[in-house]
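Engineer: Provide a 3D model corresponding to the input given below.
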Amino acid sequence: MSKVAETTISPGHGASKSIASGLLLATLGAIAFSGKAIIVKLAYRHGVDAVTLIMYRMLFAMPLFALLAWWAGRGKPALGWRDWRGIVWLGFTGYYMASFLDFMGLQYISASLERLILYLNPTLVLLLGWALYGKRITRGQLLGISISYAGVVLVFGHEITLQGSMALWGALLVFLSAVSYALYLVGSGEMVARLGSMRLVGLATLVACVLCIAQFLLLRPLSAALVAPEVLWLSVLNATLCTVAPVLMVMMAIERIGPGLTAQTGLVGPMSTILMGVFILGEPFTAWIAAGTVLVVAGIYVFSKAPRA
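Structural biologist: Numbers count the residues shown, from 1 in each chain. Below you'll find the model as predicted:
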């Protein structure tokens, strides 16, 4: 009797533990990703610019992503020219250009608005699919897109009254960052199937690391690398806690609970950024920001639940 009970109870118990750990990993991953904007804004207070800051972030992250690429590629076939061409393109769009534009934009807008704009990413993937491949958009998806973009416009309208015209430039840079990452997502499907997600992320991020370091060497004198110690520590945190760690946590969450539930758990991302912005950066929390956040999160939820074409 006890052996039968064990065989019937254990699988369910194991499944519930897997779901619980998956939800925890997805939540921690979303919060860690959200902390990136906070760390960048803190670093800017020490007089560093975007080119130098992103160089340090990628410099410190580079050994960890090299290890990830090596570990994920063990026993796998060698990469061909076609593979490397795709990796370089995806590294350029998804990690170099998206990160650099995001860092540039954060010089001019709040962390809260930045996170809300980046959270529009699923809608941009769909819109790019429509523009590039003629994929249909359903009414439910269009409704979700409309609600979420209305929320961003609401927060942006409030921000421009506080930050002035430079908020427009900052919002545009972050939006282009989201577009660049959406291009990566749209183009990565075949590569993920061929190489595996972990190996692709490791290699594509290595490409971005090389590009960010090369950009610094081309645009800045070596003396620009002499920064405040706080910038170095914040860059180490950014590279580990807000770059490598959340990538691994989200990947492990997807293995346990699937991409759908992982994406829904990511709803905590905008809220955690706003809270950290208020308590760590001293950013204002107003009714406009609250209403805009509700609209963005509600819109993405409607979008994710809408029937697909």
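Engineer: show me where pLDDT drops low in the stretch 201-309 of the chain?
Structural biologist: 259-260, 309 (pLDDT under 70).
Engineer: how about a cut-off of 50?
Structural biologist: By pLDDT under 50, the stretch 201-309 of the chain has no low-scoring segment.
Engineer: check contacts around the residue nearest the centre of the chain.
Structural biologist: Centrality entry for the chain: nearest residue to the mean C-alpha point is Phe33, 6.1 Å, by C-alpha atoms, centre = their mean. Applying C-beta atoms under 8 Å, 6 or more residues apart in numbering, one finds that Phe33 lies in contact with 242, 246, 250, 269. Bear in mind the C-beta positions are built from the backbone N, C-alpha and C, glycine included.
Engineer: just the residues you listed now: which is nearest Val192?
Structural biologist: Closest to Val192 out of those is Val250 (13.8 Å), distances taken as C-beta to C-beta.
Engineer: look up how far Tyr149 lies from Gly299.
Structural biologist: As judged by C-beta to C-beta, to the nearest Å, Gly299 and Tyr149 stand 7 Å apart.
Engineer: more neighbours, these two?
Structural biologist: Just comparing Gly299 and Tyr149: by other C-beta atoms under 10 Å the higher neighbour count belongs to Gly299, 23 against 16.
Engineer: surely Leu176 meets Leu101?
Structural biologist: Yes. Counting by C-beta atoms under 8 Å, Leu176 touches Leu101, with 5.1 Å between them.
Engineer: more neighbours: these two, which one.
Structural biologist: A count of neighbours by other C-beta under 10 Å puts Leu101 above the other of Leu176 and Leu101, at 21 against 17.
Engineer: so that one is in which element?
Structural biologist: Following DSSP states H and E, one finds Leu101 within helix 98-105.
Engineer: and Trp84, how many residues sit next to it?
Structural biologist: As a burial measure, Trp84 scores 12 neighbours (other C-beta under 10 Å).
Engineer: for Gly266, same thing?
Structural biologist: 21.
Engineer: could you do Trp71 as well?
Structural biologist: 11.
Engineer: one more: the one 5 residues further on?
Structural biologist: Around Lys76 there are 10 other residues, counting by other C-beta under 10 Å.
Engineer: what helix or strand is the closest residue to it other than its chain neighbours located in?
Structural biologist: Spatially, and ignoring its direct neighbours in sequence, Lys76 is nearest to Arg199 (6.8 Å; C-beta to C-beta, 6 or more residues apart in numbering). In this assignment (DSSP H and E), Arg199 forms part of helix 197-219.
Engineer: list the buried residues of that helix.
Structural biologist: Buried residues in helix 197-219, counted by 16 or more other C-beta atoms under 10 Å: 197-209, 211-213, 215-216.
Engineer: now stretch 82-102
Structural biologist: 83, 86-102.
Engineer: which residues touch the spatially closest residue to Glu190 that is not a sequence neighbour?
Structural biologist: Distance criterion C-beta to C-beta, 6+ apart; nearest residue to Glu190, sequence neighbours excluded, is Gly86 at 7.8 Å. Listed by C-beta under 8 Å, 6+ apart, the contact partners of Gly86 are 187, 190-191.
Engineer: I'd guessed Leu200 sits against Gly189; true?
Structural biologist: No. Using C-beta under 8 Å, Leu200 is not in contact with Gly189, being 10.5 Å away.
Engineer: and the helices in this protein?
Structural biologist: 2-44, 50-72, 81-90, 98-105, 111-118, 121-133, 139-163, 166-187, 189-195, 197-219, 229-239, 245-265, 268-276, 287-305 (DSSP state H).
Engineer: what residues does the fifth one touch?
Structural biologist: To tie it back to what came earlier, the one meant is helix 111-118. Counting by C-beta under 8 Å, 6+ apart, 34, 37-38, 41, 102, 105-106, 151-152, 155-156, 159, 167, 170-171, 174-175, 177-178, 181, 269-270, 273-274, 276-277, 281, 283, 289, 292-293, 296 sit against helix 111-118.
Engineer: can you tell me which of those are buried?
Structural biologist: Buried among the contacts of helix 111-118 (16+ other C-beta under 10 Å): 34, 37-38, 41, 102, 105-106, 151-152, 155-156, 159, 167, 170-171, 174-175, 177-178, 181, 269-270, 273-274, 276-277, 283, 289, 292-293, 296.
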